[in-house]
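[1] Got a predicted structure here, sequence first:
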Number of protein chains: 4
Amino acid sequence: MNREVVVLNRERNVSLTAYLLEVGGEYRGIARRPLVLVLPGGGYRSCSDREADPVALAYLKAGYHAAVLRYSVGVHADWPHPLEDYEQAMEFLKEKAGAWSIYDDKIAVIGFSAGGHLAAAAATMAKNRPAAAILGYAVAGEDVKCCSPTAPDTVSAVDRQTPPCFLFHTRDDNVVPVMNSIRFMEALAEHDITFESHIYSYGPHGFSTCDTSVQGPSTRISRRVPNWVPDSVGWLREVFGDFGDRGEGLLEPEVRAHLSEDDGQFLSVGCTMGRVMGNPKGAEVLGAVLARAEGGEAWGSPLLQAGEMPPELKKTVDRMLVRDALGFARIGQDVLEALDRRLGEIPNNVSKDSGD
Amino acid sequence: MNREVVVLNRERNVSLTAYLLEVGGEYRGIARRPLVLVLPGGGYRSCSDREADPVALAYLKAGYHAAVLRYSVGVHADWPHPLEDYEQAMEFLKEKAGAWSIYDDKIAVIGFSAGGHLAAAAATMAKNRPAAAILGYAVAGEDVKCCSPTAPDTVSAVDRQTPPCFLFHTRDDNVVPVMNSIRFMEALAEHDITFESHIYSYGPHGFSTCDTSVQGPSTRISRRVPNWVPDSVGWLREVFGDFGDRGEGLLEPEVRAHLSEDDGQFLSVGCTMGRVMGNPKGAEVLGAVLARAEGGEAWGSPLLQAGEMPPELKKTVDRMLVRDALGFARIGQDVLEALDRRLGEIPNNVSKDSGD
Amino acid sequence: MNREVVVLNRERNVSLTAYLLEVGGEYRGIARRPLVLVLPGGGYRSCSDREADPVALAYLKAGYHAAVLRYSVGVHADWPHPLEDYEQAMEFLKEKAGAWSIYDDKIAVIGFSAGGHLAAAAATMAKNRPAAAILGYAVAGEDVKCCSPTAPDTVSAVDRQTPPCFLFHTRDDNVVPVMNSIRFMEALAEHDITFESHIYSYGPHGFSTCDTSVQGPSTRISRRVPNWVPDSVGWLREVFGDFGDRGEGLLEPEVRAHLSEDDGQFLSVGCTMGRVMGNPKGAEVLGAVLARAEGGEAWGSPLLQAGEMPPELKKTVDRMLVRDALGFARIGQDVLEALDRRLGEIPNNVSKDSGD
Amino acid sequence: MNREVVVLNRERNVSLTAYLLEVGGEYRGIARRPLVLVLPGGGYRSCSDREADPVALAYLKAGYHAAVLRYSVGVHADWPHPLEDYEQAMEFLKEKAGAWSIYDDKIAVIGFSAGGHLAAAAATMAKNRPAAAILGYAVAGEDVKCCSPTAPDTVSAVDRQTPPCFLFHTRDDNVVPVMNSIRFMEALAEHDITFESHIYSYGPHGFSTCDTSVQGPSTRISRRVPNWVPDSVGWLREVFGDFGDRGEGLLEPEVRAHLSEDDGQFLSVGCTMGRVMGNPKGAEVLGAVLARAEGGEAWGSPLLQAGEMPPELKKTVDRMLVRDALGFARIGQDVLEALDRRLGEIPNNVSKDSGD
């Protein structure tokens, strides 16, 4: 393992410390590795050491390169300085992708507290979006004004380009209220983004990896909290694909970034009901199928009377995939396949609302 | 272990199957046990066997009594039949508390899918509230209309009497959208209720315990999903208190039902800012302390200018405990103690809004 | 789940309590289940309740039927009464295999302390051998005389018909010395039997499942001890095959009962060096191959000069599989295949030493 | 984290790569850290990269410093070169203890395969014994001749100065037979040394951490094998004491190096029966107590007729602690305390057999 320290901005005291694992040789089939970029917390006043190396080490152990970004804090914390630092770090890492054997399309970001805000900003606003974001007791919403009056809310910035996210928090965090994570995952769900989240019963703010060498054994904290570390590694394996051992590089990911195919070039039964019904031709084709349906039991029936649905239920149905909705309505596989072929001829005008 | 089957309502085919562990004898210090009441899912059309005994066994193994309630479904499913069945089961269990060695104030409920809706209704609307509720891929909000048009939304019913909750769901559940769990935990957070939640990256609806003997090994599902079982046991230990081995019965719980002391008879620094500032005398006393504060860094400062806060931030501050808020404002321990004494003389008029 | 209590021997107070899970119905593809037979400990003076139901529940949760055998103890403990009780229980279970939906060739036995001695006796001496044996802080060797002077040593009884075993113990057990488990696994290794073992750093005798509801939370015991429960379930899955979910019954086991093919009808490269060299024709064929070998590096070279090996090393080489030994000697795949064909024509006279 | 590379012996290509974590600052109460010295395997022909950094990272993540020793291999492998390299590395680390903030009495060694042999040699023969040794599928016994004809058997070298050990192996390892680990733990048990061991059902030799980034996901290996990593960390915490968070340095260890007090200056009831009965004065005092004992049940009774015990049982009793043996013989606490006072006056002549 090599260690490289790069000063990105001397004036604002911004630096990148990269820990780079070996590739090739005995690591047959590992020619490059994903990288996890660590953004420590500290209320935009400092960058906590406890949320720097111990976090990097967790991902290094899992076979990922890791780097710690010490971004603009204190007198330099005014927005968008920290986000600029992030962009610069990402551009630097992409330049180094060859020399440092990084998959430049598999760079994840992890941030804690205020660093979690920066990670959430990276995931929702940056030019160089990460491929995955891990948000630890992150300041996500308007609460960020408490620690940085110039920093933006990230919840309202979630869009369809937001990458898969992994969130964790303790219920009784008395510095960053858990509502920050709840609102962020709500926005992710609304924008069709893959995520995983763990809210633990109790524990203080700022526990980092919760290893006893970081957050001492006398802390009052739920015994489940340290699970976020291996769980986030397992999740990255699903999102990036696990390491292959037959020379194929990384394996196929187990989860995709979006649940629906709403951003395809053409419609399909993998699109949401809302997307298809919102397209005049799509609505015509799908409406005809629904009209002929005999009607299923339970879940199925309300789908056939969309006009009468209460608004909250309407939103639920709009987010359902066409194939799932038709499954509930007991529509057969052959009808589904025929529908998919017809939808496949209808252009899906995503350009005008690509921002979502 | 004994098994008792009780028919609660022959007409509606409602029954309770109780599995009762031994107490006393070699189980020194265990004179009674908590009980977990299992509510299987099935869209209010049936009660799934896969979400009945396998779930009961998970909690029996942990030393809890368990019982499965087969409630009114199908033609008998009209609301409030299922909730009535639940009330009857709870009343029956409380009557049997002595004979069956149950802690009648430590009965938890666990429900899945539609059974999760019933568990959420029990937690928010029942006369006989459970002491804890575990909600598995539960239908919580208006979506319940899809499977039972007469059943009520439970999200809007969350109140301060709602017990601690544990939620789990998979992100891409294509039967009960994950938004059901997100909205429910949002309501819990708004009403100061203790909870824990785990939303896993991917997996189908209806996985029950996710043991390979229930949900076969070829299922496409995240490897982390089965963790909800031991995690929920660990959480119950925190909420109920672990088994003591020195004759003291259950140990002190590690988490309380509420984060704040907003339902105490008198105000305190353990109340929320909103509760104290909403009480004219409280506002006067606390306002005087805030006025004298030098002002802290970061998080602290906005607290001193409450009038200028954006509304979302105002809600955050209102939910903060007074002692936490003053900590951010760098107010010393002695001032805090003096304040606590003065607040302790101010009656907290909870009666008029005991529903929250 | 049903519970059946059967008195096997009224005079000696021997009974079998069976807990039987459902099959079929929603458990698609589960027409039968393996069964775990629990033998509680108690120094042949009693049968401990703490090592009865809590243990059964662990395997019931994993989808196995379970039964507790309360065997002859106290004044009835004279050998071979307990083993006779075991035989009777096995015969009873096999008779009931159809009615109770048991795989009668997949009955495992688990025993603790003196019950572990009985389980070890079942695994090594019984007419009705179990398909797998789990031995918890078991009395295996001569130490059994301390609690039952008439009971036999089981270490010296290990033979090739002994089924796969899983052992666990704490290092500082001050009732049954850890050497009992060490000697038993040594005998298993010598007889080519599959096993797994876990010796934990510290903890008292008699911890059973080590759940806090059985062995209280104030016990001084390593935090890793409770792992034996899920580990033993995972191991049973490997030995019995996991539950299939496509109607195929149990899947193919991941581990076989023996490492070598020494009990096949004919020799093969899957036999041990000792078996093949001990057969005159085998020695001739294999010797010719070894004579032509160029000799490999390191591990390989001593194999070619068997005559000069120190006796301990000779024993190691004798236990190696021919294909592994030849691999070390850098003998090519084609030579290996040709050798396998020639060995496959040589009868393996196992009958005369079937006891090993 | 800093990385330091030190060439220890240029001619033999011996080097030490140290990874050093921060101390002090935000790591309140951590002024020094234990260190884990990694000895990669490779049959004394090479030092495997797969058993170097990935292993170091596992312990770095746990808050320990780590260092990789690349010792003499290939043409330089003749014994005692590798052990000399180890001694040199230990002396170097002890010299650097201040500058690098290492607890020089808490240096553990971990070795794999041939590196496990070197670790076992360090634990049993070195001048600079480690404080703990982790042995992964280690060559421990005479089998070492297969890969290094000049290297010594370590099983017969186990003595009372051998530190606590943690062993792991797979049952069907076809390069280093599992018997190596069994024999080593047998020797540890005979010499009263604390240990923990895990033998997993199946998996190939050389799996290192078994992380998918090291041992690919297509490997046929038991799912439990990767557990050795967190288990060995938990074990080190018990042996070294966990990190304290109140400025006290490391907490009190949970396990001691020996089970008995046989190496104390005076006898005690914490000595083994063998030690006390082997001392003429001790035998007189203890014999008198035994003669007066009423005799307990079961385990107790044979202790009173030591002369008639079968030899294997005699060895068991000889290894028992006096206080445990008397407990079985139902001898009261007051008699035990009186005995302890009398034994405490009898010098324990350990000097003559300090090698054990």
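    The structure has been received and is ready for your questions.
[2] Closest residue of the stretch 251-356 of chain A to chain D?
    Relative to chain D, the nearest point of the stretch 251-356 of chain A is A:Leu251 (7.2 Å; C-beta to the nearest C-beta). C-beta here means a position set from N, CA and C on the backbone, and glycine is covered the same way.
[3] show me what contacts that residue?
    Shown in contact with A:Leu251 (C-beta atoms under 8 Å, 6 or more residues apart in numbering or on different chains): A:241-244, D:217.
[4] what does A:Ser148 give?
    Listed by C-beta under 8 Å, 6+ apart, the contact partners of A:Ser148 are A:43-44, A:77-79, A:114, A:117.
[5] So how do I select the buried members of the residues you listed in ChimeraX?
    To isolate the buried members of the contacts of A:Ser148 in ChimeraX, using 16 or more other C-beta atoms under 10 Å in any protein chain shown:
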select /A:43,44,77,79,114,117
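[6] So which of the contacts of A:Ser148 belong to helices?
    A:114, A:117 (DSSP state H).
[7] show me the residues around A:His169 that make contact.
    Here A:His169 is in contact with A:136-138, A:176, A:178, A:180-181, A:197-200 (C-beta under 8 Å, 6+ apart).
[8] These also near chain B: which ones?
    Among those, the residues within reach of chain B (C-beta under 8 Å from any C-beta of the partner chain) are A:178, A:197-200.
[9] what's the burial count for the residue of the stretch 151-300 of chain A found nearest chain C?
    Residue nearest to chain C within the stretch 151-300 of chain A: A:Arg223 (9.8 Å; C-beta to the nearest C-beta). Using other C-beta atoms under 10 Å in any protein chain shown, A:Arg223 is surrounded by 17 other residues.
[10] A:Glu238 too?
    With other C-beta under 10 Å as criterion, A:Glu238 counts 21.
[11] Help me confirm that it is found in a helix?
    Yes - looking at A:Glu238 with DSSP: H, G, I helix; E, B strand; the rest coil, it is inside a helix.
[12] still on that earlier bit, give me the spatial nearest neighbour of the residue of the stretch 251-356 of chain A closest to chain D, chain neighbours excluded.
    Computed as C-beta to C-beta, 6 or more residues apart in numbering or on different chains, the closest residue to A:Leu251 that is not its neighbour in sequence is A:Gly241, at 4.3 Å.
[13] For chain B, tell me which of the contacts of A:Ser148 show up nearby.
    With respect to chain B, and counting by C-beta under 8 Å from any C-beta, the subset of those in contact is A:43-44.
[14] If we only consider the contacts of A:Ser148, which is nearest to chain B?
    Closest to chain B out of the contacts of A:Ser148 is A:Gly43 (4.7 Å), distances taken as C-beta to the nearest C-beta.
[15] Return the distance of that closest one relative to D:Thr17.
    In this view, A:Gly43 and D:Thr17 are 36 Å apart by C-beta to C-beta, to the nearest Å.
[16] coming back round to it: could you pick out the buried ones from the contacts of A:Leu251?
    Buried residues within these, counting neighbours by 16+ other C-beta under 10 Å: A:241-244.
[17] Does A:Glu252 touch A:Val239 like I think?
    No - counting by C-beta atoms under 8 Å, A:Val239 is not a contact partner of A:Glu252; they are 11.4 Å apart.
[18] who's more crowded, these two?
    A:Val239 (24 against 8).
[19] Where in chain A is the helix or strand with the lowest mean pLDDT?
    helix A:300-303 (a mean of 49; mean pLDDT, DSSP states H and E).
[20] Of all the residues in the helix or strand just after that helix, which ones are buried?
    Tracing the chain past helix A:300-303, the next element assigned as helix or strand by DSSP states H and E is helix A:311-319. Judged by neighbour count using 16+ other C-beta under 10 Å, the buried positions of helix A:311-319 are A:313-319.
[21] and helix A:311-319, what does it pack onto?
    Under the contact criterion of 3 or more C-beta pairs under 8 Å, 6 or more residues apart in numbering or on different chains; DSSP states H and E, helix A:311-319 touches helix A:273-277, helix A:300-303.
[22] Alpha carbons of it, as CSV, please.
    Taking Å, rounded to 0.1, in the frame of the first residue of the first chain, the C-alpha atoms of helix A:311-319 are listed here in CSV:
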residue,chain,number,x,y,z
PRO,A,311,-54.3,11.6,-4.3
GLU,A,312,-51.8,9.9,-2.0
LEU,A,313,-52.7,6.5,-3.6
LYS,A,314,-52.5,8.0,-7.0
LYS,A,315,-48.9,8.9,-6.3
THR,A,316,-48.2,5.3,-5.2
VAL,A,317,-49.6,3.9,-8.4
ASP,A,318,-47.7,6.5,-10.5
ARG,A,319,-44.5,5.2,-9.0
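[23] and after it, which helix or strand comes next?
    Taking DSSP H and E, what comes next after helix A:311-319 is helix A:322-328.
[24] how about that following helix: buried residues?
    A:322-328.
[25] Can you name the residues that contact A:Gly74?
    With contact set as C-beta under 8 Å, 6+ apart, A:Gly74 has these partners: A:44-46.
[26] Would you mind naming the helix or strand containing the residue in the stretch 1-150 of chain A that chain D sits nearest to?
    The nearest approach of the stretch 1-150 of chain A to chain D comes at A:Gly63, 2.3 Å away (C-beta to the nearest C-beta). For A:Gly63, there is no enclosing helix or strand under DSSP H and E.
[27] gap between it and A:Leu250?
    Taking C-beta to C-beta, one finds A:Gly63 at 10 Å from A:Leu250.
[28] Please enumerate the shared neighbours of the two.
    Jointly contacting A:Gly63 and A:Leu250 under the rule C-beta under 8 Å, 6+ apart are A:Phe243.
[29] In CSV, could you pull the C-alpha coordinates for the longest helix seen in chain A?
    Ranked by residue count under DSSP H, the longest helix found in chain A is helix A:81-95. Taking Å, rounded to 0.1, in the frame of the first residue of the first chain, the C-alpha atoms of helix A:81-95 are listed here in CSV:
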residue,chain,number,x,y,z
HIS,A,81,-15.6,26.4,-1.5
PRO,A,82,-16.1,22.9,0.0
LEU,A,83,-17.9,21.7,-3.1
GLU,A,84,-15.2,23.2,-5.3
ASP,A,85,-12.6,21.3,-3.3
TYR,A,86,-14.6,18.1,-3.9
GLU,A,87,-14.8,18.8,-7.7
GLN,A,88,-11.0,19.4,-7.8
ALA,A,89,-10.3,16.2,-5.9
MET,A,90,-12.5,14.2,-8.3
GLU,A,91,-10.9,15.7,-11.3
PHE,A,92,-7.5,15.0,-9.8
LEU,A,93,-8.4,11.4,-9.1
LYS,A,94,-9.8,10.9,-12.6
GLU,A,95,-6.6,12.3,-14.1
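[30] Tell me if it is near chain B.
    No - Helix A:81-95 lies apart from chain B when judged by C-beta under 8 Å from any C-beta; the minimum separation is 14.5 Å.
[31] Buried residues in the helix or strand following that helix, which are they?
    Sequence-wise, the next helix or strand downstream of helix A:81-95 (DSSP H and E) is strand A:102-112. By 16+ other C-beta under 10 Å, the buried positions in strand A:102-112 come out as A:102-104, A:106-112.
[32] Can you tell me which helices and strands strand A:102-112 packs against?
    In terms of contacts (3+ C-beta pairs under 8 Å, 6+ apart), strand A:102-112 is packed against strand A:33-39, helix A:53-61, helix A:81-95, helix A:114-125, strand A:132-136, helix A:228-240.
[33] Out of the ones you listed, which is closest to A:Asn2?
    helix A:53-61 (11.4 Å; C-beta to C-beta).
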